[in-house]
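Participant: Structure of the sequence below:
(one chain, ligands or ions: 1)
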Amino acid sequence: MLELTAEAFKEKITNKLKTDRGIEIGDASDKDIYYVIAAIVNEEIMPQWYDTQKKYEEKNNKQIFYLSMEFLVGNLLQSNLLNCGMLDVSNQALKELGLDPENIYAKEHDAALGNGGLGRLAACFLDSLASLNYAGHGYGIRYRYGLFEQRIINGNQVELPDYWLKNDYPWETKKEDEAVCIHFHGDVHMFKKNDGTLEFNYENTDKVMAIPYDIPIIGYENKVINTLRLWSAEAVYDEQETLATENNEFYHDLDHKHSIEQISGFLYPDDSNHEGKELRLKQQYFLVSSSIQHIIKNFKKNNHTSLRRLPEKVVIQINDTHPSLAIPELMRILMDEENFSWNAAWEVTTKVIAYTNHTTLSEALETWPKGMLEHLLPRIYMIIDEINERFCKGIWYDHEALRDTIPSLAIIADDQVHMARLAIVGSFSVNGVARIHTEILKKQEMKHFYNLFPDRFNNKTNGITHRRWLLQANPNLASLITDVIGPQWIKRPKQLISLLKYSKDSSLLEKFDQVKHENKKILANHIYERTGILVDDQSIFDVQIKRLHEYKRQLLNIFHIIYLYNELKVNPNQDITPRTFIFGAKAAPSYHLAKEVIKLINTVASIVNYDPDIRGKLKVIFLENYNVSLAEKIIPAADISEQISTASKEASGTGNMKLMMNGALTVGTLDGANIEINDLVGNQNMFIFGLTADEVMDYYQHGGFDATAIYNTDDRVKRILDQLNQGEFGSHDIEFKDIYYNILYHNDPYFVLKDFEPYIETHEIVERTYRDRLTWLNMSVTNIAHSGKFSSDRTIREYATDIWKVKQVWG
Ligand code: H53
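Facilitator: As a prediction, this is how the structure comes out:
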């Protein structure tokens, strides 16, 4: 397909329009064209998909199954075209047809089956697995509604349902034949068999069908097509039987059917926050049970040997604790369906399951009320109970020194089932997602577990696919890089380091400057189209795009903006470099303070953007409905990447990597992967400020710092807080009191005031540096040069070598 010419591609488009949609090109809408290009891709890859699966079967190597409640896939047409080598030809053909490729690709509705970092990481991992030729597949849920669509109305976030399947989704194939049945509730009966062992039967369970929909995951120019399998819940529904029943029962059945379909109804919109809803627990078991049943079926089909050898052929990576019921579910199947003893089942399970931890935030750590779990999944609960018994007894007898710690290690404690504890006990690997995060797990949050199982803990610093986030999202920069260092970096992103040789070449730096400026113009246009606001493409584009959370401290950013505004009001002639502050952020619908911050940003924007005293020196833009597609537009145009979490709170971050790879300079705390970026580029190439993780943790241990003292001594801070409290930014005077109270009466739990001064000072340095064009560009190129380390290809290789022990399938 690589040889396909634009002429031939155009012909394919026109032919397919006729055969698939019955129309001529002149009558085709952008959406028609979108569908036929997707069909062209599918036609190309379907045989490769089949061949890949056949090869995997023949080779019968160990396979990786990545279980995740979230896959933030985003749009696929462009990346599919890119990976199967047709993007250039498609772009050219569309242009020759007088069409704008961007508009055509934009017709795809983002698959927003994830909230933020964790879900997008899963999607990047799938891209790297296929591109590096590993037999690795994803298992998730085909939510009928993805993450809500965000509208900003009067400055407030309003949530609308994201019915992404409204139109046909061209990438999925329903595999009805491979449906499996999941059981909830019911009674468990225990029998003693003749040989003295126990047998468990279940009765009166509620049955749910899990129907798989497969999405191809296309490797980059290697003809490898892996699978993302998404499960959809359907009722076990026998039409004949239902029709024969009385009317009442018929409606009762419909109701029942509806409640079952709810299991894959919607994605819970909480990022880094655990909401203990029963439906969410149902979703988790639904994912886990359907996936494991399928994995075992497949193993049996390809291996005529005992399931004791499962660990030779299968590794299951669980993305956070959300799929940690995989542990008791695998135990259940091995014992109750395959007649394994407890010990034999445990031996297999703990060699198959590996767990990734993504957070130490207490509000994100999952626990389920034991009564809820027992009622919904009685047999699974029994197994967890026994895992817990055996584990606690093991500590009591074998680790006398740890006896006192049992209450903090027990899987079931205080009537709650602690999922992270289950995940650690039942897996062979526990990894954090950046060096500092793993160290905090080992030394603090999970130190007793670390003492028990030191070999289990390891770090795998996150990564991002450079194919989507540089090659596809920033084609101008990608081609400039290729002009300078050749195309090898595309397959070996570490080779971006060759750019360092040129990082002082001023004529080349000019070219990088031009590319960034072009991208800024494109984004400025986009902002104008979406908001009607004109932004100055010569201003500094200062970007903070991520979920809205107190620990991510969008509040610190907006305090800085208010401070600049106040200064300019006092002295409108101040000579500052114009700035455009760009935000994108969704807040969980029930997260009141986060929504207040969105309102504050929008309110400040509505004042600053229209104040004649400011004379366009400051602009504040909140782009609504931040999602993957929007990120692809913003990131190439960013000058500054705001990564300003309270140190110790952001496990890794991945936006920091995407922005750095596109030449933005980081203003950041020493948190998450910022630290590893800093290791590579050095203090001279990023703007580090604020408390360190040790300092933050020290404050927490000693009751925090005195926020009121800062309020009383720093006039800038006092002014801002008083403005919030006195309603200067509100339509009435109670508007932002909650933010005010949270800072002064809850003692500023995320250290916004404490880090305010260093943040302001750092931004002054940013401004001075920005004026020194060559220095800035040199810093920017240095960042791009070092960003290869943060390709998810590196991360996936590390998982493959250290955890999964798998090799690339073919050379
Ligand atoms: O996971 C990212 C990290 C990021 C972390 C995030 C995350 C979620 O998106 C959701 C739940 C959770 O526990 C953690 O906050 O720091 O980069 C991928 O590892």
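
Participant: For residue 169, see how far away residue 35 is.
Facilitator: Residue 35 is 11 Å from residue 169, where distance means Cβ to Cβ, to the nearest Å. Bear in mind the C-beta positions are built from the backbone N, C-alpha and C, glycine included.

Participant: Comparing the two, which shows the higher neighbour count?
Facilitator: residue 35 (23 against 16; other Cβ atoms under 10 Å).

Participant: close to the ligand, is stretch 364-379?
Facilitator: Yes: part of stretch 364-379 sits near the ligand under the criterion Cβ under 6 Å from any ligand atom, namely residue 364.

Participant: For the chain, what lies in contact range of the ligand?
Facilitator: Proximity of the chain to the ligand (Cβ under 6 Å from any ligand atom) is limited to residues 115-118, 121, 271-272, 320, 358-359, 364, 433, 462, 650-654, 672.

Participant: run the last query once more with 5 Å
Facilitator: Counting by Cβ under 5 Å from any ligand atom, the chain comes close to the ligand at 116-118, 121, 271-272, 358-359, 364, 433, 650-654.

Participant: Among those residues, which lie within strands?
Facilitator: When the residues of the chain next to the ligand are checked against strands (DSSP state E), there are no matches.

Participant: Out of these, who's the most crowded?
Facilitator: Counting neighbours by other Cβ under 10 Å, the top entry in those is residue 650, with 32 neighbours.

Participant: Report the contact partners of the closest residue to that one other than its chain neighbours.
Facilitator: Spatial nearest neighbour of residue 650, excluding adjacent residues (Cβ to Cβ, 6 or more residues apart in numbering): residue 672 at 4.0 Å. Residues near residue 672 by Cβ atoms under 8 Å, 6 or more residues apart in numbering: 434, 436-437, 643, 645, 650-653, 656.

Participant: Now residue 672: phi and psi?
Facilitator: phi 50, psi -140 (degrees, to the nearest 10).

Participant: Just give me the neighbour total for the spatially closest residue to residue 421 that is not a sequence neighbour.
Facilitator: The shortest distance from residue 421 to any residue other than its chain neighbours is 4.7 Å, reached at residue 411 (Cβ to Cβ, 6+ apart). Other residues within reach of residue 411, judged by other Cβ under 10 Å, total 23.

Participant: quick one, what contacts the closest residue to residue 168 other than its chain neighbours?
Facilitator: Distance criterion Cβ to Cβ, 6+ apart; nearest residue to residue 168, sequence neighbours excluded, is residue 35 at 7.3 Å. Neighbour list for residue 35: 20-21, 168, 170 [criterion: Cβ under 8 Å, 6+ apart].

Participant: Centre of the chain to stretch 284-294, how far?
Facilitator: In terms of Cα atoms, centre = their mean, to the nearest Å, the centre of stretch 284-294 is set 21 Å apart from its chain centre.

Participant: which element follows the longest helix seen in the chain toward the C-terminus?
Facilitator: Identified as the longest helix of the chain according to DSSP state H is helix 30-59. With elements assigned by DSSP states H and E, the helix or strand that comes after helix 30-59 is strand 63-67.

Participant: The very next helix or strand once past that following strand packs against which elements?
Facilitator: Next in sequence after strand 63-67, counting helices and strands by DSSP H and E, comes strand 71-74. Here strand 71-74 touches strand 111-113, helix 117-131, strand 225-235, helix 628-634, going by 3 or more Cβ pairs under 8 Å, 6 or more residues apart in numbering; DSSP states H and E.

Participant: Now with 6 Å, please.
Facilitator: Judged by 3 or more Cβ pairs under 6 Å, 6 or more residues apart in numbering; DSSP states H and E, strand 71-74 is in contact with helix 117-131.

Participant: which outside residues touch the helix it packs on?
Facilitator: Taking contacts as Cβ atoms under 6 Å, 6 or more residues apart in numbering, the residues outside helix 117-131 that touch it are 68, 70-73, 136, 138, 217, 219-220, 224, 226, 228, 319, 358, 462, 464-465, 654, 792-793, 796.

Participant: where in the stretch 1-150 of the chain is pLDDT low?
Facilitator: Residue ranges of the stretch 1-150 of the chain with pLDDT under 70: 1-2.

Participant: Please apply the same query to the stretch 501-650 of the chain.
Facilitator: Using pLDDT under 70, the stretch 501-650 of the chain has no residue that qualifies.

Participant: Nearest to the ligand: which residue in it?
Facilitator: Across the stretch 501-650 of the chain, no residue is closer to the ligand than residue 650, which sits at 4.6 Å (Cβ to the nearest ligand atom).

Participant: same question, the chain
Facilitator: For the chain and the ligand, the shortest gap (Cβ to the nearest ligand atom) falls at residue 117, measuring 2.9 Å.

Participant: For the stretch 351-500 of the chain, which segments count as strands?
Facilitator: Under the criterion DSSP state E, counting those that start in this stretch, the stretch 351-500 of the chain contains strands at 353-356, 367-369, 412-413, 416-418, 429-432, 457-459.

Participant: now these in JSON lines, with distance to residue 181, mean neighbour count and mean pLDDT?
Facilitator: Compiled in JSON lines, these are given as follows (distance: least, Cβ to Cβ, whole Å; neighbours: other Cβ atoms under 10 Å; pLDDT from 0 to 100):
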{"stretch": "strand 353-356", "distance to residue 181": "23", "mean neighbour count": "25", "mean pLDDT": "98"}
{"stretch": "strand 367-369", "distance to residue 181": "23", "mean neighbour count": "19", "mean pLDDT": "98"}
{"stretch": "strand 412-413", "distance to residue 181": "28", "mean neighbour count": "19", "mean pLDDT": "98"}
{"stretch": "strand 416-418", "distance to residue 181": "24", "mean neighbour count": "22", "mean pLDDT": "98"}
{"stretch": "strand 429-432", "distance to residue 181": "31", "mean neighbour count": "24", "mean pLDDT": "98"}
{"stretch": "strand 457-459", "distance to residue 181": "36", "mean neighbour count": "18", "mean pLDDT": "98"}
